[in-house]
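Asker: Sequence and predicted structure, then a few things I'm wondering about:
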Amino acid sequence: MWKGLSNPPAGWKEMADSYVGGVNLFLARGAPVKSTVSLVAFRVWMMGHEVLPGWLGKLSWLDRCRVWSLKLATALMLWCPGFEQLLNMLAFVLYKYSVGLVSRQLHAYAGQDFRSESDH
């Protein structure tokens, strides 16, 4: 894992940014709750390394706050009974909400073809 983070392959940053953007879109309607830099920094911390990969650069104050929020959530899951269950309940509610959005979108199409006219 460390070897891959220290020298990521070509295109990794774009792929990771797209993934994190999708997660932010799903969790917070696009608000930048997490960033690729903060998630990599958190993962490096979880592996027990003190030094961040050189390509990562210096963390902004917002990224440091994001890393600390992940550390706090990790500590609460480990030492506070019920916090993990609360997160599971929130994830389930979010899942039901997203399935409802998809269902409403499919119902709105009411059998119409999804493809554009040029695709026929």
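Answerer: Sure thing, it's come through.
Asker: how about low-confidence regions in this structure?
Answerer: Residue ranges of the chain with pLDDT under 70: 1-3, 110-120.
Asker: could you pull out the helices for it?
Answerer: Assigned by DSSP state H, the helices in the chain fall at 2-6, 12-28, 36-46, 61-79, 83-109.
Asker: what's the distance between the last one and the middle of its chain?
Answerer: What separates the centre of helix 83-109 from the centre of its chain is 16 Å, taken as Cα atoms, centre = their mean, to the nearest Å.
Asker: and among the helices of the chain, the most buried is which?
Answerer: Compared across the helices of the chain, helix 36-46 shows the largest average neighbour count, a mean of 19 (mean count of other Cβ atoms under 10 Å). The C-beta positions use only the backbone N, C-alpha and C, and glycine is treated the same way.
Asker: excluding its backbone neighbours, what's nearest Gly21?
Answerer: Nearest non-adjacent residue to Gly21, counting by Cβ to Cβ, 6 or more residues apart in numbering: Gly30, 7.9 Å away.
Asker: one step back: save the helices of the chain as a markdown table, and put in distance to Pro53 too.
Answerer: A markdown table is the format used below for the helices of the chain (distance: least, Cβ to Cβ, whole Å):
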| stretch | distance to Pro53 |
| --- | --- |
| helix 2-6 | 5 |
| helix 12-28 | 11 |
| helix 36-46 | 7 |
| helix 61-79 | 14 |
| helix 83-109 | 29 |
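Asker: State the phi and psi torsions of the residue nearest to Gly21.
Answerer: The phi/psi pair for Gly30 (degrees, to the nearest 10) reads phi 100, psi -10.
Asker: burial count for it?
Answerer: Per other Cβ atoms under 10 Å, the neighbour tally for Gly30 reads 11.
Asker: distance of it from Ala10?
Answerer: To Ala10, Gly30 is 27 Å away according to Cβ to Cβ, to the nearest Å.
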